[in-house]
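*Asks:* A predicted structure for the sequence below; I have some questions about it.
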Amino acid sequence: TSLFVFLSNCFDIIFFFGMDEAIYSPATSKLTFQDQIHAVKLSPYEWSQNFICIAFGEEISVGTLKFQDEEDVTEDIAYTPIRTFHHDTRVHSIAWSPETSLSVVPKIVAFSIAGADFKIRLYNSNLNDVNVYEVIISYKIVELNRYSNDER
């Protein structure tokens, strides 16, 4: 079955399962946040398919989603935040890297963000001590930032 994700009223993420059913049926599940959501992206890769990236004002939250098993009676989705990243401007678009995986050592979370300032930022973290983001303008890296968990 297919999974459709929609933003509703800028604070909710709505999930629909199935193809034609999404048009005619109520939402399967909903996640609500206190901050306004600007962009959402699920990882399209099989080895990181439970990852979700949610962009708020100047924060990007990376987490995992656990969908119900078919045997479960409840229809909830469990969202577990993994890491929050700082972003200087409003996020317009998110793209996951195929390198993202929690199954490798060291763990890798990698994604890119297109911001309102027309810059692309590449984020890469091992979820411990290495957190790097690169700023790209006109297909060249103009800024490389390394920071500790306490700085961002």
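*Replies:* Cool, the structure landed. The model shown is predicted, which means the values in this text are computed figures rather than measured ones. Residues are numbered from 1 along each chain as shown.
*Asks:* And for the closest residue to Lys66 other than its chain neighbours, the neighbour number?
*Replies:* Distances taken as CB to CB, 6 or more residues apart in numbering place Ala78 nearest to Lys66, at 4.1 Å, with adjacent residues excluded. To be clear about C-beta, it is placed using only N, CA and C from the backbone, and glycine gets the same treatment. Per other CB atoms under 10 Å, the neighbour tally for Ala78 reads 14.
*Asks:* again with the one 3 residues further on
*Replies:* Using other CB under 10 Å, the number of residues around Pro81 comes to 11.
*Asks:* How is it assigned, secondary-structure-wise?
*Replies:* Assigned with DSSP: H, G, I helix; E, B strand; the rest coil, Pro81 falls in the strand class.
*Asks:* measure it to Gln36 for me?
*Replies:* 17 Å (CB to CB, to the nearest Å).
*Asks:* Show the backbone phi and psi for the residue nearest to Lys66.
*Replies:* phi -100, psi 120 (degrees, to the nearest 10).
*Asks:* ends of stretch 29-47, how far apart?
*Replies:* Length of stretch 29-47, first residue to last, CA to CA, to the nearest Å: 23 Å.
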